[in-house]
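**Q** Sharing a model prediction with you, sequence too.
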Amino acid sequence: MAETSVAAQGQRVLTEVAAKELLAAQGIPVVPTRLARSRAEAIRLAKELGLPVVLKVASPDIIHKSDVGGVRLNLASLTQVDKAYGEIIARARAHVPHAVIEGIAVQAMAKPGIEVAAGLTRDRTFGPVVMFGLGGISVEILNDVAFRVVPLGPKDARAMLREIHGFPMLQGYRGAPPVDLSALEDLLLKLSTLAEQRPEISEIDLNPVFAYPNGALAVDARILLA
């Protein structure tokens, strides 16, 4: 299998731990995530964060962690954490032999919600652009997304949510409670602010973001720096 790494010359990927620290500093809610550089540290962090946890390979050279076997979900015991740590390292090295592996990201297993996606990219013509759509594989398969050029105002963020075809999912579908639309709008506005304040950020991908009746939480985060 070909190595999964940064394709664009002159760009680098922040590890998920670093990406979430940057987002949290902006006020964007993220799942607590810590970096373990050993099995013992992974077990200690799992205890601190509380089981079940998720383990992910932390490498600036691996973008799509799931493709290389670099993610293990819903680890409910410390024995599973110990075993998964070694398996993730071994699989990542087998798929991407020359990758720099900084360790393993340990994060709390978030309560499921409605999956949405949000992001930022820099268009050659229009400059920084914020994106919103349904999350998971829906954003790739259905391409049901809305875009706005930075800077965004509250009206822009509100319109983006209502522009996608999947908006009824957010309003409450088949008896499900509606999600916190104001929390999602706030997330988009903060991405817009981040684009203006940090011009070195070339791309942000938050997928999925779990939307809840009260609040929203970025579960996975990828940030590319120019």
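**A** Okay, I see it.
**Q** and the next element down the chain from the worst-scoring helix or strand of the chain on mean pLDDT?
**A** When the helices and strands of the chain are scored by mean pLDDT, DSSP states H and E, helix 138-141 comes last with a mean of 66. Next helix or strand after helix 138-141 toward the C-terminus (DSSP states H and E): strand 145-149.
**Q** buried sites along that next one?
**A** 145-146, 148 (16 or more other C-beta atoms under 10 Å). Heads up, the C-betas are built off the backbone N, CA and C, glycines and all.
**Q** secondary structure element for the nearest residue to Pro177 once chain neighbours are set aside?
**A** In space, and not counting its chain neighbours, Pro177 is closest to Pro213: 4.5 Å by C-beta to C-beta, 6 or more residues apart in numbering. Assigned by DSSP H and E, Pro213 falls within no helix or strand.
**Q** returning to that earlier point: pLDDT for the buried residues of strand 145-149 - can I get that in TSV?
**A** Output for these, formatted as TSV (pLDDT from 0 to 100):
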residue	pLDDT
Val145	94
Ala146	96
Arg148	98
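**Q** which residues touch Ile104?
**A** 35-36, 42, 55-58, 85, 88-89 (C-beta atoms under 8 Å, 6 or more residues apart in numbering).
**Q** got a list of what the residue nearest to Pro177 touches?
**A** Taking C-beta under 8 Å, 6+ apart as the test, what Pro213 contacts is 177-180.
**Q** In helices, which of these fall?
**A** Among those, no residue falls in helices (DSSP state H).
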